[in-house]
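[1] Return atomic coordinates for the entry below.
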Amino acid sequence: MLYKVTTVIIALTLLSLEAWLIKPFIRVNALALASTPVEVLPNILQITAAFNNGVAFSGLSHWQPALVLGLTGLLLCGLMVLWWATFPLWQGRRQCLLTSVAWGLVLGGALANWVDRWQWGSVTDYVQFSFWPQFAIMNLGDWGVSLGAMVLVVLSLRLQYKT
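    Model prediction:
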C-alpha cells in the first residue's frame, strides 16, 4: 500500500508542477519566448514556447483535437489499469520503491500533458536543446514519461532475466 501511495504522490507532484505552475507561466509569456528563447545553459539548454496539437513528435496533429484528447485519455486509462494490474508482480521486491517512482513519473507526466490538452487544446512544450535545434521541444511531463518508461523497461528486463 505504501508503494501505491508513493506512486500517487509522485504523479500528483509532477502534475501539479507541470499543469498549474510551469505551463501557465509559459503560456502567458508565449509570444516573448517564441521570438526570443531564454538561454538556461548557454549553447546547451533554452526555454522557448511551442504548442503541440498532436501526440509525441507532433504525430496525429492533423486529427481533430477531440479525437486526440479521447485517444490520449484512453491511453492514460490503460496506463492506470496496467499500473494497478502489475502491482502484485513487483510488490515486496527490492526495486519496489524505484518501480513506484517510475510509475509515478509515467502517470504524472501523461496526466499533466492530458490536462494541458484538455484545458488548452494542445500541449505546451518549452525545453529545447540549443546544440540540437532539430530535436523535439519537450516539457517536464514528457521527460517524466520518458525517464519512467526507461526505468520500467530496465527493471522488467532485470526481472525477466532473474526468473
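[2] So residue 152 is in contact with residue 103, correct?
    Yes. Under the criterion of Cβ atoms under 8 Å, residue 152 makes contact with residue 103 at 7.1 Å. Any C-beta I mention is one placed from the backbone N, CA and C, and that applies to glycine too.
[3] more crowded one of those two?
    residue 103 (29 against 20; other Cβ atoms under 10 Å).
[4] which SSE is that one in?
    Using DSSP states H and E, residue 103 sits in helix 96-120.
[5] What ranges does this structure have for its helices?
    Here the chain has its helices, by DSSP state H, at 2-17, 23-28, 30-35, 65-90, 96-120, 140-162.
[6] which helices and strands sit right next to the last one?
    Judged by 3 or more Cβ pairs under 8 Å, 6 or more residues apart in numbering; DSSP states H and E, helix 140-162 is in contact with helix 2-17, helix 65-90, helix 96-120, strand 123-129.
[7] send the alpha carbons of the lowest-mean-pLDDT helix or strand in the chain over as PDB?
    Among the helices and strands of the chain, helix 30-35 carries the lowest confidence by mean pLDDT, DSSP states H and E, at a mean of 83. Written as PDB, here are the backbone C-alpha positions of helix 30-35 (Å, rounded to 0.1, in the frame of the first residue of the first chain):
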ATOM      1  CA  ALA A  30       4.500  32.500 -25.100                       C
ATOM      2  CA  LEU A  31       4.900  35.400 -27.600                       C
ATOM      3  CA  ALA A  32       8.100  36.700 -25.900                       C
ATOM      4  CA  LEU A  33       9.600  33.200 -25.500                       C
ATOM      5  CA  ALA A  34       8.800  32.100 -29.100                       C
ATOM      6  CA  SER A  35      10.500  35.100 -30.500                       C
END
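[8] Pull the distance from that helix to the chain's centre.
    In terms of Cα atoms, centre = their mean, to the nearest Å, the centre of helix 30-35 is set 23 Å apart from its chain centre.
[9] what does stretch 55-65 give?
    For stretch 55-65, the distance to the chain centre is 16 Å (Cα atoms, centre = their mean).
[10] Outside of it itself, list whatever touches it.
    Stretch 55-65 has contacts (Cβ atoms under 8 Å, 6 or more residues apart in numbering) with 52, 53, 54, 68, 71, 72, 117, 121, 122, 136, 142.
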